[in-house]
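here's my sequence, what's the structure:
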Amino acid sequence: MISSDEALERLREGNRRFAEDRPSESGISGAAKRSQLLAGQQPFAVILGCSDSRVPAELVFDQGLGDLFVIRVAGNIVAPSQIGSIEYAAEVTGARLVVVMGHSNCGAIEATIDELQRPQANRSRNLSSIVNRIRPSVETLLETGLSQDRSSLVRFAVRSNIRASVDHLRHGSEILERLISKEGLCVVGAEYSLETGLVEFFDGLPKMLD
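Prediction:
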């Protein structure tokens, strides 16, 4: 089993390769790798990321088949299905690192800001269920001077939403709380930059890796 510290460093190294356009070559063909994974999976990290087509976690971290357990949902929100998936990945596959990864210029964040500033009566209930989970992370920011600066508001809201999802995972599941307190599970927040291709880890890092 790979520790959370080692998993985090592996993600950082992979992201550096991605951002510098020098992907790794594992030397294992797709067919050979698929054959190796028939018996089961042991991903070294769990990524809860946004569904945005520009942020595929396996590519962003330069990883291959079986390396990451990836859950994607608009706005990287936390709902029961996401918690259950992460519980499974942590408890059954043994992954000891969970990363909540948001990204710059997130459409779900912008949709939430638009809804709070200009409510849309015809918005679908399904989209509203996403917006309503992001809403608490944005509402307090709208009470500050950021309400007059759209780009700064979006930037701060992205991070606020990531922190909220991280906190929800740390304190919204008895299974995850037990794994955190007794078995070395680490839940951290990160933001991917569409502009640079780099991922910044900024919430919940072990002191030695901060």
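
for the rest of this, base every contact and every neighbour count on C-alpha atoms.
Noted.

pLDDT weak spots in the chain?
The chain contains residues with pLDDT under 70 at 26-29, 120, 206-210.

repeat that with 50
208-210 (pLDDT under 50).

all strands of it, in order?
Counting by DSSP state E, the chain has strands at residues 45-49, 68-72, 97-103, 186-192, 199-203.

for those, which one sits closest to Ala19?
Nearest of those to Ala19, taken as CA to CA: strand 199-203 at 9.0 Å.

so what touches the closest one?
Residues from elsewhere that reach strand 199-203 (CA atoms under 8 Å, 6 or more residues apart in numbering): 12, 15, 163, 188-193, 210.

same question for stretch 89-96.
Here stretch 89-96 makes contact (CA under 8 Å, 6+ apart) with 1-4, 7, 41-46, 69, 175-176, 179, 184-186.

in it, which residues are buried?
Residues of stretch 89-96 classed as buried by neighbour count (16 or more other CA atoms under 10 Å): 89-91, 93-96.

which helices and strands does the longest helix that the chain contains pack with?
Counting residues, the longest helix found in the chain (DSSP state H) is helix 150-171. Applying 3 or more CA pairs under 8 Å, 6 or more residues apart in numbering; DSSP states H and E, one finds that helix 150-171 contacts strand 97-103, helix 107-117, helix 125-142, helix 174-182, strand 186-192.

distance check, the residue sitting furthest away from the middle of the chain against Asp167.
Farthest-out residue of the chain from its mean C-alpha position, per CA atoms, centre = their mean: Ala121, at 30.1 Å. Here Ala121 is placed at a distance of 31 Å from Asp167 (CA to CA, to the nearest Å).

what does Phe69 give?
According to CA to CA, Phe69 stands 20 Å off from Asp167.

who has more neighbours, the two?
Neighbour count, other CA atoms under 10 Å: between Phe69 and Asp167, Phe69 has more, with 23 against 17.

so the more buried one touches Gly49, yeah?
No: in this structure, Phe69 is not within contact of Gly49 by CA atoms under 8 Å, at 10.7 Å.

contact partners for Cys50?
72-76, 101-103.

now those residues: which count as buried?
Buried members of the contacts of Cys50, scored by 16+ other CA under 10 Å, are 72-76, 101-103.

how deep is Leu179 tucked in, by neighbour count?
18.

residues contacting it?
Leu179 neighbours (CA under 8 Å, 6+ apart): 90-91, 185.

can you lay out those as a markdown table showing distance to Thr140?
Below are the contacts of Leu179 laid out as a markdown table (distance: CA to CA, whole Å):
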| residue | distance to Thr140 |
| --- | --- |
| Ala90 | 32 |
| Glu91 | 35 |
| Leu185 | 30 |
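
ok, those vs Lys33, which is closest?
Each of the contacts of Leu179 was scored against Lys33 by CA to CA, and Ala90 proved nearest at 22.2 Å.

next up, the contacts around the residue nearest to Phe156 when sequence neighbours are not counted.
Nearest non-adjacent residue to Phe156, counting by CA to CA, 6 or more residues apart in numbering: Leu141, 7.9 Å away. Leu141 is in contact with 147, 153, 156-157, counting by CA under 8 Å, 6+ apart.

hmm, 10 Å instead?
Residues in contact with Leu141 (CA atoms under 10 Å, 6 or more residues apart in numbering) are 113, 147, 153-154, 156-157, 160.
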